[in-house]
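> Model the structure of this input:
(4 chains)
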Number of protein chains: 2
Amino acid sequence: MDVARKDIHNSQIPVVCRSCEARHGGVCGALSSGQLIELNRHSVRREVSAGCEIVGQGEAVCRYSSVLRGVVKLSKMMSDGRQQIVGLQFSPDFLGRLFLHESTLTAEAATDTEICSFPRPILDRMIAETPELGHRLHSQALQELDDARDWMLTLGRKTAQEKVASFLYMIATHIDPDSADCATFDLPLSRADIGDFLGLTIETVSRQITKLRKLGIITVENNRHVTVPDLDRLNTAAGND
Amino acid sequence: MDVARKDIHNSQIPVVCRSCEARHGGVCGALSSGQLIELNRHSVRREVSAGCEIVGQGEAVCRYSSVLRGVVKLSKMMSDGRQQIVGLQFSPDFLGRLFLHESTLTAEAATDTEICSFPRPILDRMIAETPELGHRLHSQALQELDDARDWMLTLGRKTAQEKVASFLYMIATHIDPDSADCATFDLPLSRADIGDFLGLTIETVSRQITKLRKLGIITVENNRHVTVPDLDRLNTAAGND
DNA sequence: CGTTATCTTGACTGCTGTCAAGTTATGTGG
DNA sequence: CCACATAACTTGACAGCAGTCAAGATAACG
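Sure thing, here's the model as predicted:
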């Protein structure tokens, strides 16, 4: 490509956006350079460390965000404290509930994360102006719905062993999407979080991880670092054929 | 309203659509009379009796539908036969997976139902032409996502008693939306289906219904007809405060 | 009225939760 | 770098809730 033309092209894109992941797969990829410049004027890029809340259940949502790095957990809590994680968001996922004033759930950083957030009214307007943007968000919503329904099968019908294997398989394929047959990764969630995701207690999660280790399906170092020598075998243990 | 004008207005709407529920809350409400006439030329209105499949898991989706009457259950099945119902669709819900060639789940009539179905390409084109239509479908998808995530909390963290109470409360508020404090309705699902929705066995569902009866929270006639004298009490039994 | 499907109830088993103790990581100040 | 404190995780013993298997009751249907 002509270097001069490339420079001209890049000069139309805000500096902070140039190397941003969300500009390709994420919402910003659907914006014109003019829209990107405008959105960027009002957006805030910030680090959120593990455990910090991004939005609370029932809170008014006045900003949307893109996940740039790390993992965000979406959860719901009952009044007596019982909790269920209902989804995980990875880069470059969009974060925020369109068409509704209040958030229906809590969003919290599971690992140290980086997010880029922008005022709601500006994006709402851009959605109305840009069909491609609405389409992307619609498409992501339907993908999340498919994921949620897959997880309902896991929660309702699988054994503890299959649940833990399903979780590990999901993480392996999300974090390390290249490798087809084996995978290595750091767990983004604590045992407590895994329990809240799978509808199990910490103890049961721990016991099932130990069993998978003894079966040779996974190896674990330092509690968080997992290696899966054979993804198909893990997938079978997850009950998926 | 002037009778003559009303006649002129109605003459622009296909006869079969005039008294159709889906024309207001459903997708057709977002269409111009011209679009409605065109869509109607290609649409088929048909009865589907209880237990009949509308689309199968993994099948190509070549038609979308609106639910006009009755209840449609959406379910997923594992290879060994374990099944999970992941959603119920009532009139005037839209049925079909946008932006994806294959259905990710099975749709089956839970009760005797009536649906209006139309070719996929025609609606896809209308969505591209009509922002309001895309917006409605997007909005319904997000509502279904909220519902799915609420149900994940039920599946993962509630007891059998709370699950059954949650199910009855959900049905009561969907079928009989008028009455604020008490409700009477016919269950649209068999005990087996309720089990598949709640991640329980038939026997456990039956036992919990018996318990709720003995507690005076519900009364049941002929197995299917339920009366809830105090919805708040049922909601408390469901674990929602 | 008989047959079949659906639902209920009972007895018992087993998986997962609860409670408790022990072990391994992580982080901090000396 | 080490000692200590704290958090996170693992393991064990036991209990209880929901599943399994079996029989009986009720409703639906021809």
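
> Only C-alpha atoms from now on, for both contacts and neighbour counts.
Fine.

> how is chain A carved up into domains?
Using automatic domain parsing, the domain ranges for chain A come out as A:3-154, A:158-237.

> Can you flag the weakest of those by average pLDDT?
In terms of average pLDDT, domain A:3-154 trails the rest of the domains of chain A, at a mean of 92.

> That domain and chain B in contact?
Yes. Shown here: domain A:3-154 in contact with chain B (C-alpha under 8 Å from any C-alpha of the partner chain) through A:76, A:78-79, A:82-86, A:97-99, A:104, A:131, A:138-139, A:141-142, A:144-146, A:148-153.

> Cross these against strands and list the overlap.
Members of those lying in strands (criterion: DSSP state E): A:76, A:83-86.

> Can I get these in JSON lines including distance to A:Leu36 and neighbour count?
Shown next, in JSON lines, are those (distance: C-alpha to C-alpha, whole Å; neighbours: other C-alpha atoms under 10 Å in any protein chain shown):
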{"residue": "A:Lys76", "distance to A:Leu36": "33", "neighbour count": "22"}
{"residue": "A:Gln83", "distance to A:Leu36": "38", "neighbour count": "20"}
{"residue": "A:Gln84", "distance to A:Leu36": "36", "neighbour count": "27"}
{"residue": "A:Ile85", "distance to A:Leu36": "33", "neighbour count": "24"}
{"residue": "A:Val86", "distance to A:Leu36": "31", "neighbour count": "26"}
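
> Show me which pair in those residues is furthest apart.
A:Gln83 and A:Val86 (9.5 Å; C-alpha to C-alpha).

> Now for A:Ala183: which residues touch it?
Contact partners of A:Ala183, counting by C-alpha atoms under 8 Å, 6 or more residues apart in numbering or on different chains, are A:172, A:176, A:227-231.

> now, which of these lie within strands?
Secondary structure assignment by DSSP E places A:227-228 of the contacts of A:Ala183 in strands.

> which of the contacts of A:Ala183 count as buried?
Using 16 or more other C-alpha atoms under 10 Å in any protein chain shown as the burial test, these include A:172, A:227-229, A:231 as buried.

> so which of these comes closest to A:Val67?
Compare each of the buried ones among the contacts of A:Ala183 with A:Val67 using C-alpha to C-alpha and the shortest gap goes to A:Ala172, at 18.8 Å.

> For the buried ones among the residues of domain A:3-154 next to chain B, write the corresponding PyMOL selection.
Of the residues of domain A:3-154 next to chain B, the buried ones can be selected in PyMOL as follows, counting by 16+ other C-alpha under 10 Å:
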select buried, chain A and resi 76+83+84+85+86+97+98+104+131+138+139+141+142+144+145+146+148+149+150+151+152+153
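
> and chain A, which of its residues are near DNA strand C?
With C-alpha under 7 Å from any atom of the strand as the criterion, chain A meets DNA strand C at residues A:158-161, A:199-201, A:203-204, A:221-224.

> if you look at the longest helix anywhere in chain A, does any of it touch DNA strand D?
For chain A, the helix with the greatest residue count under DSSP state H is helix A:131-157. No. Counting by C-alpha under 7 Å from any atom of the strand, DNA strand D has no neighbours in helix A:131-157; the shortest distance is 8.2 Å.

> Okay, angle between that helix and helix B:131-157 too, please.
Relative orientation of helix A:131-157 versus helix B:131-157 (axes from the mean of the first three to the mean of the last three C-alpha atoms, to 10 degrees): 20 degrees.

> Report all helices and strands that helix A:131-157 contacts.
On a contact count with 3 or more C-alpha pairs under 8 Å, 6 or more residues apart in numbering or on different chains; DSSP states H and E, helix A:131-157 meets helix A:120-129, helix A:160-175, strand B:72-77, strand B:83-89, helix B:131-157.
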